[in-house]
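>>> Fold the stuff below for me.
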Amino acid sequence: MIVVGVDGSVAARAAVVWAANDAFRLRTPLRIVHAVDRTPYQIHRFATAWMPDMLMDEGRRILREAEALAHERQPSVEVTTLDVEGVPATVLRAQEKEATEIVLGSRGLGGFAGALLGSVSTNVAGHARCPVVVVRGEHQQVRGQVVAGVDDSPECEPALAYAFEQARLRGATLRVLHAWQLPVHAFAPEAAYDLDEVRAAQHQVVAERVNGFAADYPEVNVLREAPTAHPVDALTAASDEADLLVVGSHGRGGLGSALLGSVSRGVLHHARCPVAVVRARD
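Residues are numbered from 1 along each chain as shown. Below is the predicted model of the structure:
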């Protein structure tokens with residue numbers, strides 16, 4: 001089952017469309033979730049007797065519109081709705097045990113004008129153990145390409161598996177990127193450094209990660225690249241030509257977005273296509 005969070009924003013509508021299309025590809029049901037958050041209205045000076053009813057009515061309206069949009073885009077997908085009282089990020093994270101993936105917009109109605117990523121997106125992507133897809137509100141032209149960022153750590157393997165499956169379902173090319181930068185000591189004139197040897201080693205990292213999956217997905221056309229660049233810069237540039245950008249997460253912190261690694265957090269802020277953050281389930 002795919003879970004998509006909605007709040008009536010433009011980005012949330014884009015998330016519903018993305019989730020409905022992916023539910024169709026995966027042949028799985030879609031659950032549309034809206035969180036009724038009373039927190040801002042529980043301050044005494046703002047509390048009113050009619051506020052709870054208004055919030056519930058608005059939530060039902062948002063769910064009806066989202067359900068109609070999902071049916072319009074993918075009539076054959078089974079759609080259910082859920083209105084839950086609670087903080088949006090907590091409500092969505094509670095869905096992860098049943099969810100194949102969680103989809104949400106990049107910024108909800110409460111976002112600051114200059115922020116590219118909302119607090120709910122950051123929180124859910126930083127905590128949920130199922131894949132989390134963050135979708136921007138802009139219309140995306142179909143490019144026929146999925147991009148996956150990899151490195152030499154085991155954390156990238158679930159992301160690579162997800163990327164291969166998405167490329168297969170879409171009939172898309174999979175572009176695997178392992179961006180790397182020279183260590184600081186490489187620029188010291190007295191240090192002996194074989195750049196060709198380093199570059200060959202980086203290409204080997206990509207090959208080893210990809211080959212195991214490629215054997216299971218012979219129908220997927222795979223492009224392998226190891227550019228010399230910061231990973232966020234390389235992946236953000238690649239997002240211009242992608243339908244989906246997939247990254248793992250190395251975050252090991254204990255608070256909020258600290259659970260997102262620096263690369264996945266940077267890509268979520270700057271990528272110009274939907275981004276999937278995929279980590280290993282416990």
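
>>> burial count for the closest residue to Ala237 other than its chain neighbours?
Leaving aside its chain neighbours, Ala237 sits nearest to Ala229 (8.0 Å; criterion: Cβ to Cβ, 6 or more residues apart in numbering). C-betas here are computed from N, CA, C, even on glycine. Other residues within reach of Ala229, judged by other Cβ atoms under 10 Å, total 15.

>>> So for Ala229, what's the pLDDT?
pLDDT recorded at Ala229 is 87.

>>> List the residues that contact it.
Ala179, Trp180, Gln181, Ala237 (Cβ atoms under 8 Å, 6 or more residues apart in numbering).

>>> Out of these, show me where the pLDDT dips lowest.
Ranked by pLDDT, the contacts of Ala229 bottom out at Gln181 (70).

>>> Let me know the distance separating that one from Val277.
Applying Cβ to Cβ, to the nearest Å, the value for Gln181 to Val277 is 22 Å.

>>> Among the two, which residue is more densely surrounded?
Set Gln181 next to Val277 and count neighbours by other Cβ under 10 Å: Val277 wins out with 28 against 13.

>>> That one pairs with what?
As for beta bridges, Val277 partners with Val132, Val247 under DSSP bridges.

>>> Output the helix or strand containing Asn123 as CSV, restricted to C-alpha atoms.
Assigned by DSSP states H and E, Asn123 belongs to helix 119-127. Extracted in CSV, the C-alpha atoms of helix 119-127 (Å, rounded to 0.1, in the frame of the first residue of the first chain):
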residue,chain,number,x,y,z
SER,A,119,9.3,20.6,8.2
VAL,A,120,6.9,17.7,7.7
SER,A,121,8.9,16.4,4.7
THR,A,122,12.1,16.7,6.6
ASN,A,123,10.8,15.0,9.6
VAL,A,124,9.2,12.0,7.8
ALA,A,125,12.1,11.5,5.4
GLY,A,126,14.4,11.6,8.4
HIS,A,127,12.6,9.0,10.5
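
>>> State the mean pLDDT of that helix.
86.

>>> tell me which strands and helices it is in contact with?
In terms of contacts (3 or more Cβ pairs under 8 Å, 6 or more residues apart in numbering; DSSP states H and E), helix 119-127 is packed against helix 88-93, strand 101-105, strand 132-135, helix 262-270.

>>> Columns distance to Ala35 on top of those, output as JSON lines?
Shown next, in JSON lines, are the helices and strands packed on helix 119-127 (distance: least, Cβ to Cβ, whole Å):
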{"stretch": "helix 88-93", "distance to Ala35": "4"}
{"stretch": "strand 101-105", "distance to Ala35": "11"}
{"stretch": "strand 132-135", "distance to Ala35": "16"}
{"stretch": "helix 262-270", "distance to Ala35": "20"}
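
>>> Turn these into CSV, including distance to Ala242, mean neighbour count and mean pLDDT.
Listed next are these as CSV, based on distance: least, Cβ to Cβ, whole Å; neighbours: other Cβ atoms under 10 Å; pLDDT from 0 to 100:
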stretch, distance to Ala242, mean neighbour count, mean pLDDT
helix 88-93, 24, 22, 91
strand 101-105, 17, 27, 95
strand 132-135, 13, 28, 95
helix 262-270, 11, 21, 87
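
>>> those strands in the chain, which residues are they?
2-5, 30-36, 79-85, 101-105, 132-135, 145-149, 173-177, 222-225, 244-247, 275-277 (DSSP state E).

>>> hey, which of those strands is tucked in deepest?
strand 244-247 (a mean of 30; mean count of other Cβ atoms under 10 Å).

>>> what stretches of the stretch 51-200 of the chain score poorly on pLDDT?
Residue ranges of the stretch 51-200 of the chain with pLDDT under 70: 51-53, 108-118, 182-195, 198.

>>> Noted, bye for now.
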